[in-house]
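Colleague: sequence first, then the predicted structure, then my questions.
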Amino acid sequence: MDHPMYPESNAGIARKRHELAPGPLEAVQNFSGVVFADGALPPVTKQLIAVAVAHTTQCPYCIKGHTKAALKAGATEPQIMEAIWVAAEMRAGGAYAHSALAIDAMQHAHEA
């Protein structure tokens, strides 16, 4: 394959993002800085949450970036893996919970 589905982010891509829309990019960067700053939750906890959410949304860039950020913030590899398992359980839990919709539809289909 000559061109990967998810190309590595690089300085050229970052430059192009800034060139095409500098205002929104700077706003997102500022927002991200505020969100991940120390607060009621420490940065390591926020990064572990981000790792879990990234796996739920299945964003490869977010997975890589927040895994590295979690390590840098002091998370351990077992903590990161547990966060990923929480994400997996939430995805599975969503499918299980939403089965109520299918069951309801099946019950109503027999009434018609």
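Modeller: In hand now; what should we look at? Residues are numbered from 1 along each chain as shown.
Colleague: per-residue pLDDT, the closest residue to residue 35 other than its chain neighbours?
Modeller: Distance criterion C-beta to C-beta, 6 or more residues apart in numbering; nearest residue to residue 35, sequence neighbours excluded, is residue 46 at 7.1 Å. In short, each C-beta sits where N, CA and C put it, glycine included. Note on residue 46: pLDDT of 98.
Colleague: mind listing what's buried along the helix or strand where residue 46 lies?
Modeller: Using DSSP states H and E, residue 46 falls within helix 43-57. Residues 43-55 are the ones in helix 43-57 that count as buried (16 or more other C-beta atoms under 10 Å).
Colleague: stretch 60-78 too?
Modeller: 62, 63, 65, 66, 67, 69, 70, 71, 73, 75.
Colleague: nearest to residue 6, of those residues?
Modeller: The shortest approach to residue 6 among the buried residues of stretch 60-78 belongs to residue 63, at 10.3 Å (C-beta to C-beta).
Colleague: what sits against that closest one?
Modeller: Listed by C-beta atoms under 8 Å, 6 or more residues apart in numbering, the contact set of residue 63 reads 51, 54, 55.
Colleague: which residues does the residue positioned nearest the centre of the chain contact?
Modeller: The chain has residue 54 as the residue nearest its centroid, 1.7 Å off, counting by C-alpha atoms, centre = their mean. Residues in contact with residue 54 (C-beta under 8 Å, 6+ apart) are 62, 63, 65, 66, 67.
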